[in-house]
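**Student:** from the sequence below, what's the structure:
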Amino acid sequence: MQTRTIQVPLRDGVMGAYLAIPDGPPAGAVIAIMEIWGVNDTMRHHAHEFAEAGFVCLVPDLFWRQEPGVELSDRNPDHIQKAFDLYYDFDYDLGVRDMEDTRDFLRALPETNGKVGAVGYCLGGKLCYLMCCRTDIDCAVAYYGTYIEHNIREAPKLAHPFMLHMAMKDRWVQAEVNELLERRLAPNPLVSIHKYPEADHAFARKGGRPYRETEAAQALSLSVDFLHRYLDKA
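**Tutor:** Modelled structure (predicted):
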């Protein structure tokens, strides 16, 4: 695996990103979209997981307009306050546009086969949902799906394969919200939903406080199979 920090040209600026490239021929490219903690060790770990599974994986610095290069941890009380300040100032519409530009950047890389999917965590999970509704991303996977319900009116526009991992003890996505999401999304044949009865929010955040190794491994396996299905070239 090769890794490096790069700059991604966008229509209104330049965004930093972490790139992981597999040793063998790639099966496609994946945008791994961060939580509220920035491009940190957790997100680099996710990039390595997907590169080891055969994908070119890029982790974009979503907060580049607010504070480029920020790296935070859920174990640091000062970081928690800062992360939430950045989160609630984040512009989702600009974020989707940045992810469109990132998709175009990956499609043009010589190491890729032209197909691009996305995997998002928390904040990134909602962006994955919005990309399936608003863009021509080849497929996307959302972990936790925080605040998807705020844009549930866009569900009829969801036109690309979408996987949602639901933590059923999620402090940020209440049971009633999960029921709403399933009721509104599950009838779409492009949507697949997986539930984790004992998992809390961020169960796949290795090194984080809510991490659950068994559920994280199960979700990763399902996600990798899903991405191979839609990103491998026939």
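**Student:** C-alpha from now on. contacts and neighbour counts both.
**Tutor:** Fine.
**Student:** and the spatially most central residue of the chain, how close does it get to Glu35?
**Tutor:** By C-alpha atoms, centre = their mean, the chain has its centre lying nearest to Gly120, at 1.2 Å. For Gly120, the distance to Glu35 (C-alpha to C-alpha, to the nearest Å) stands at 8 Å.
**Student:** same check, this time on His160
**Tutor:** Taking C-alpha to C-alpha, one finds His160 at 22 Å from Glu35.
**Student:** could I get the CA-only coordinates of stretch 153-164 as PDB?
**Tutor:** Once non-C-alpha atoms are left out, stretch 153-164 reads as follows in PDB (Å, rounded to 0.1, in the frame of the first residue of the first chain):
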ATOM      1  CA  ARG A 153     -38.000  14.700   1.700                       C
ATOM      2  CA  GLU A 154     -35.200  14.000  -0.800                       C
ATOM      3  CA  ALA A 155     -35.700  10.200  -0.500                       C
ATOM      4  CA  PRO A 156     -37.700  10.000  -3.700                       C
ATOM      5  CA  LYS A 157     -34.600  11.200  -5.600                       C
ATOM      6  CA  LEU A 158     -32.400   8.500  -4.200                       C
ATOM      7  CA  ALA A 159     -31.200   6.900  -7.500                       C
ATOM      8  CA  HIS A 160     -28.000   5.100  -6.600                       C
ATOM      9  CA  PRO A 161     -27.200   2.000  -4.500                       C
ATOM     10  CA  PHE A 162     -27.200   3.000  -0.800                       C
ATOM     11  CA  MET A 163     -26.300   1.000   2.300                       C
ATOM     12  CA  LEU A 164     -27.100   2.200   5.800                       C
END
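**Student:** list the buried residues for that stretch?
**Tutor:** Using 16 or more other C-alpha atoms under 10 Å as the test for burial, stretch 153-164 gives Ala155, Leu158, Ala159, His160, Pro161, Phe162, Met163, Leu164.
**Student:** could you pick out the longest helix of this structure?
**Tutor:** helix 213-231 (DSSP state H).
**Student:** what is that one packed up against?
**Tutor:** On a contact count with 3 or more C-alpha pairs under 8 Å, 6 or more residues apart in numbering; DSSP states H and E, helix 213-231 meets strand 116-121, strand 139-143, strand 162-167.
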